[in-house]
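Engineer: this one's structure only:
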């Protein structure tokens, strides 16, 4: 299976589902003290992780294009890639969690679960296959020491 839908599009779809749930079922929306602060912290952390991860790719002069993982020229193990094999997707997940907290609708969690499943099946698994083919035992060693998400 080759990735077809760019991860940012999948994230936007999840974002729209979260927003839609809060609009269609407003009676389920929750409000609590510190909600906006928590939402901002989650989303802000997600943005920072994404920016740092993209920068790590650029420093290694390898592709950031998620639709062409076979074009990778380097195995990036520095920066946030020391803790997660997929920090860009983790960053997107944190942004979605922040948005869901801000909207306050528990149904937003369904969209987040769908995002994680979709990204894992349509993006991460094909990327992992490509990385195994390109980097062999170096990638296997990396997988043995760094988790897929966190």
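Structural biologist: Now that the structure is in, tell me what you want to look at. None of these values were measured; they are calculated from a predicted model.
Engineer: Pass me the low-pLDDT residue ranges in this protein, would you?
Structural biologist: Scanning the chain for pLDDT under 70 picks out 1-2.
Engineer: which non-adjacent residue is nearest the residue nearest the centre of the chain?
Structural biologist: What sits nearest the mean C-alpha location of the chain, by CA atoms, centre = their mean, is residue 89, with 1.5 Å. Take residue 89 and drop its neighbours on the chain: the residue closest to it by CB to CB, 6 or more residues apart in numbering is residue 119, 5.2 Å away. Placement of C-beta: from N, CA and C, glycine included.
Engineer: wait, what's in contact with that neighbour?
Structural biologist: Under the criterion of CB atoms under 8 Å, 6 or more residues apart in numbering, the neighbours of residue 119 are 7, 10, 86, 89, 92.
Engineer: Look up which helix or strand the fourth one falls in, please.
Structural biologist: Read it as residue 89. Remark: residue 89 resides in helix 87-103, with elements defined by DSSP states H and E.
Engineer: Can you name every helix or strand that that helix contacts?
Structural biologist: The elements that helix 87-103 packs onto, with contact taken as 3 or more CB pairs under 8 Å, 6 or more residues apart in numbering; DSSP states H and E, are helix 7-24, helix 35-59, helix 108-119.
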